[in-house]
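Engineer: I'll drop the sequence and a predicted model, then ask my questions.
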Amino acid sequence: MKPFLSAAFYKFVDLPDYATLREPLLSVCHQQGVKGMILLASEGINSTIAGPPEGVHAVLAYLRQDPRLADLQHKEAWSDKAPFYRMKVRLKREIVTLGVPEANPARRAGTYVKPADWNALISDPDVVVVDTRNHYEVDIGSFKGAVNPHIDSFSQLPQWVEQAAALNPVTGKKPRVAMFCTGGIRCEKSTALLRSQGFHEVYHLEGGILKYLETVPPEQSLWQGACFVFDERVSVGHGLVVGDYGLCRACRLPISAADKLSPLFEDGVSCARCHGVTSEAQKAGARERKRQWDLAKARGLDWVGAQASPSS
């Protein structure tokens, strides 16, 4: 068994005292040798942590001692080396930034749909299926027939919802809407947004795309392409098998094998999409970071630049 366990989890729940939770939680993580990122806000908790399995389970047990987090669900993955090299517990306004205070899933959200029932829902021609992820995530894979909002960040979704013809038909009747994202957190908050704007029949994929790919057989799947993930795997497919995409270390966008053939691609420095955007000074800085990365790797050392991403 691989020695390092990662756990991703989130929960929308009222935590008015969230600021007081930070220091004790950080202390427990340090004591258990656990690293990663935990976000705390009045609306809940969102995190990805990693470390020795007994340490990760101890942190989860500590969190579940709070009655409000007693039913906290998490997803596990194993790795050969430590995914993260720092532990941070941050206080935020939101655990996933949307910028609409009334969109609070702890008080009003859509209806969960299990992966086994998802195909039937999104195959209904009267259901509008919305991919709530960023455009670069959608570009490498999505569900058949899903609407792509073409957003650069999740905080742009409210504006798209106001303007989208698919959600605002001339009849004035609000359609049935099914929303999905990588791990469930963004689509859950998206359904709260729609509920706050008068949509009554709103659904979201329980466990997100990752749970669907993990549990639905490929021959029954309506998923097309790869699923972008915010960790060193970059992308996964059915069975959560790691995909073929790499990551441009400059712009953090996924790149395919074909993208790497571009004369504008320089490993660790630029790709065809960001080459004309970054300055020569930025490229020089990236080359120096790449040099330090390669040097550390050659010496068998861990590079301390790895950052944890909370659930998505």
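Structural biologist: Yes, it's here.

Engineer: tell me the domain ranges of this protein?
Structural biologist: Per automatic domain parsing, the domain ranges recorded for the chain read 4-91, 111-224, 245-298.

Engineer: rank these by mean pLDDT and give me the bottom one.
Structural biologist: Note on the domains of the chain: lowest mean pLDDT is at domain 245-298, with a mean of 91.

Engineer: Of the domains of the chain, which is nearest residue 231?
Structural biologist: domain 4-91 (6.5 Å; Cβ to Cβ). To be clear about C-beta, it is placed using only N, CA and C from the backbone, and glycine gets the same treatment.

Engineer: circling back: dump the domains of the chain to TSV, plus mean neighbour count and distance to residue 102.
Structural biologist: Formatted as TSV, those follow (neighbours: other Cβ atoms under 10 Å; distance: least, Cβ to Cβ, whole Å):
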stretch	mean neighbour count	distance to residue 102
domain 4-91	18	11
domain 111-224	18	5
domain 245-298	15	31
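
Engineer: how about the helices of the stretch 201-312 of the chain, start to end?
Structural biologist: Secondary structure of the stretch 201-312 of the chain (DSSP state H, counting those that start in this stretch): helices at 208-215, 280-298.

Engineer: Can you list the neighbours in contact with stretch 204-212?
Structural biologist: 75, 109-115, 118, 178-185, 187-188, 190-191, 214, 221, 223, 227, 229, 236, 240, 312 (Cβ atoms under 8 Å, 6 or more residues apart in numbering).

Engineer: From the opening residue of that stretch to its closing one, how far?
Structural biologist: One end of stretch 204-212 sits 12 Å from the other (Cα to Cα, to the nearest Å).

Engineer: Next: stretch 148-156.
Structural biologist: Stretch 148-156 has an end-to-end distance of 13 Å (criterion: Cα to Cα).

Engineer: who's in contact with that stretch?
Structural biologist: By Cβ under 8 Å, 6+ apart, stretch 148-156 touches 96-99, 130-132, 134-135, 138, 142, 157, 160, 164, 186.

Engineer: Which of these fall within strands?
Structural biologist: 130, 131, 142 (DSSP state E).

Engineer: check contacts around the nearest residue to the second one once chain neighbours are set aside.
Structural biologist: Of all residues beyond its chain neighbours, the one nearest residue 131 is residue 146 (4.5 Å), with distances taken as Cβ to Cβ, 6 or more residues apart in numbering. Taking Cβ under 8 Å, 6+ apart, we find residue 146 in contact with 122, 129, 130, 131, 138, 180.

Engineer: Now for the residue nearest to the first one when sequence neighbours are not counted: which residues touch it?
Structural biologist: Leaving aside its chain neighbours, residue 122 sits nearest to residue 129 (4.7 Å; criterion: Cβ to Cβ, 6+ apart). Under the criterion of Cβ under 8 Å, 6+ apart, the contact partners of residue 129 comprise 122, 143, 145, 146, 147, 177, 178, 179, 180.

Engineer: wait, what's in contact with the nearest residue to residue 200 once chain neighbours are set aside?
Structural biologist: Leaving aside its chain neighbours, residue 200 sits nearest to residue 174 (6.6 Å; criterion: Cβ to Cβ, 6+ apart). Shown in contact with residue 174 (Cβ under 8 Å, 6+ apart): 167, 198, 199, 200, 201.
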